[in-house]
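In: The following block contains a protein sequence and its predicted model.
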Amino acid sequence: MLMWASLQSVTSKRLTHQLTRSMSSYQAWQVAQKEDGSFWGHEETLNTDDLPHGSGILIKVSHSSLNYKDALSANGNKGVTRKFPHTPGIDAVGRRVDDDSPVLVTGYDLGMNTNGGFGEYIKVPEEWIASVPFANPRVSMIYGTAGLTAGLCVQKLRKIGATPQDGKVVITGATGSVGSVAVELLTMLGFDVVAISGKAPKHLLELGAKEVLPRSALEATKKPLVKPLFAHAIDTVGGRPLAELLKQIQPGGSVVCCGMVTGVGLETTVLPFILRGINLLGVDSVEIPLSEKQAIWDLLAGDWACPKTEASAKYIGRHQLDKYLSAFLEGKSSGKIVLDHSLTQSKI
């Protein structure tokens, strides 16, 4: 009897040791700096013991979402990530290790200076963690921070009283991950959507856009005001196109600004504001209270679900990240790209 109890104890210790060892080691796509100053991404075996936020919540990540900010981090942008080597991925969905509940993390410092969703494990503060309202948790990463941002933009327009009866709503950068969700969502809510994009119009028309304009629709002009064409707008690109867009908004209309792909500067005049009374509204999807994020997640999992966006998502493995992140920086990315940690090179 004593020998049996002793054998059980030894077996239990071995199993615990094996479980601990397997949990502590994980795969991640990490960005490092070379001696010549350039940056490169590669798969690396890391240890959960080295994750920050020692008292935080350990999460086993199943999926992440690709964003422009991830591409900047992967390219060594010190404005996004200060220290390397680093694991990007500003979005993550998975399960808490302590109770196996499905959880969702976007924004805050995840993937910037805290190791992100491109690794199989993350450790974050409790206050960063949202519940997963989707029946299938991976669907949350089809939306990710981009979908959350699109939802916040639409919510902001509705809060200031925008209605379909006001007229056309224009969306810049419409084939991007934020713009494409905004196109489908506003269409479902009854708005007439005009999309501006440098890519082929087919996908945007399928999402519900009534009209697709080329980027030249926002070419720089010296006039401080031009013919007002749009009731409202969602701008995902910033810079010069945003300055031109402000000139084309109808009196009393609003422009929601959420991106900076073409630049952080904004050279404009006060005339659109004091002669037409337009509004320029900002959206932050990173540092807002968790309750505000949760409210949008709940809508996207319910009344605001975008079935066309969900159906068109592309799933990739870690070994494909370099290719798809480069497409962001080259302006060639479109639609939603989801990282699935179960897709290894041998399975694709």
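Out: Cool, got the structure. Numbering: from 1, shown residues only.
In: What is the neighbour count of I288?
Out: Residues lying near I288 (other C-beta atoms under 10 Å) number 15. For glycine as for every other residue, the C-beta is placed from the backbone atoms N, C-alpha and C.
In: what's the answer for V105, then?
Out: 28.
In: In terms of pLDDT, where does it sit?
Out: Here the pLDDT value assigned to V105 is 97.
In: Counting by contacts, list what the regular element (helix or strand) spanning it packs against.
Out: Using DSSP states H and E, V105 falls within strand 102-106. Contacts defined by 3 or more C-beta pairs under 8 Å, 6 or more residues apart in numbering; DSSP states H and E place strand 102-106 against strand 57-65, strand 91-96, strand 130-131, helix 140-159.
In: go with 7 Å
Out: Contact analysis of strand 102-106 by 3 or more C-beta pairs under 7 Å, 6 or more residues apart in numbering; DSSP states H and E lists strand 91-96, strand 130-131, helix 140-159 as its packing neighbours.
In: the inter-axis angle of the longest one versus strand 102-106?
Out: Interaxial angle, helix 140-159 versus strand 102-106 (axes from the mean of the first three to the mean of the last three C-alpha atoms, to 10 degrees): 60 degrees.
In: Could you look up the next helix or strand downstream of helix 140-159?
Out: Tracing the chain past helix 140-159, the next element assigned as helix or strand by DSSP H and E is strand 169-171.
In: Report how many residues lie close to V183.
Out: Counted by other C-beta under 10 Å, the residues lying close to V183 total 32.
In: That one looks like it's in a strand, true?
Out: No: assessed with DSSP: H, G, I helix; E, B strand; the rest coil, V183 is helix; it does not lie in a strand.
In: For it, give me its contacts.
Out: V183 is in contact with 171, 174, 193, 195, 204, 207-209, counting by C-beta atoms under 7 Å, 6 or more residues apart in numbering.
In: Now, the residues you listed that are in strands?
Out: 171, 193, 195 (DSSP state E).
In: List just the nearest of the residues you listed to N115.
Out: Of all these, I171 has the smallest distance to N115: 33.0 Å, by C-beta to C-beta.
In: is the closest one in a bridge, and if so with what?
Out: Assessed by DSSP bridges, I171 has beta-bridge partners A195, I234.
In: ok, now I337?
Out: Going by DSSP bridges, I337 forms beta bridges with K314.
In: so what pLDDT did the one residue sitting closest to the centre of the chain get?
Out: With distances taken as C-alpha atoms, centre = their mean, T145 lies nearest the centre of the chain, 2.8 Å away. pLDDT recorded at T145 is 96.
In: sorry, back to before: switch the helices and strands packed on strand 102-106 over to a markdown table; also include distance to G238.
Out: Shown next, in a markdown table, are the helices and strands packed on strand 102-106 (distance: least, C-beta to C-beta, whole Å):
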| stretch | distance to G238 |
| --- | --- |
| strand 91-96 | 21 |
| strand 130-131 | 27 |
| helix 140-159 | 13 |
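In: Nearest to C306 among the ones you listed would be which one?
Out: Closest among the helices and strands packed on strand 102-106, using C-beta to C-beta: helix 140-159, at 7.7 Å.
In: Just the buried positions in the closest one, please.
Out: Across helix 140-159, burial judged by 16 or more other C-beta atoms under 10 Å covers 140-157.
In: what residues are up against N75?
Out: 39, 329.
In: If we use 10 Å, what do you get?
Out: Taking C-beta atoms under 10 Å, 6 or more residues apart in numbering as the contact definition, N75 lies against 31, 38-39, 41, 81, 88, 325-326, 328-329.
In: follow-up on the earlier one: now, which of the ones in strands among the contacts of V183 sits nearest L281?
Out: For these, the nearest to L281 is I171 (14.3 Å; C-beta to C-beta).
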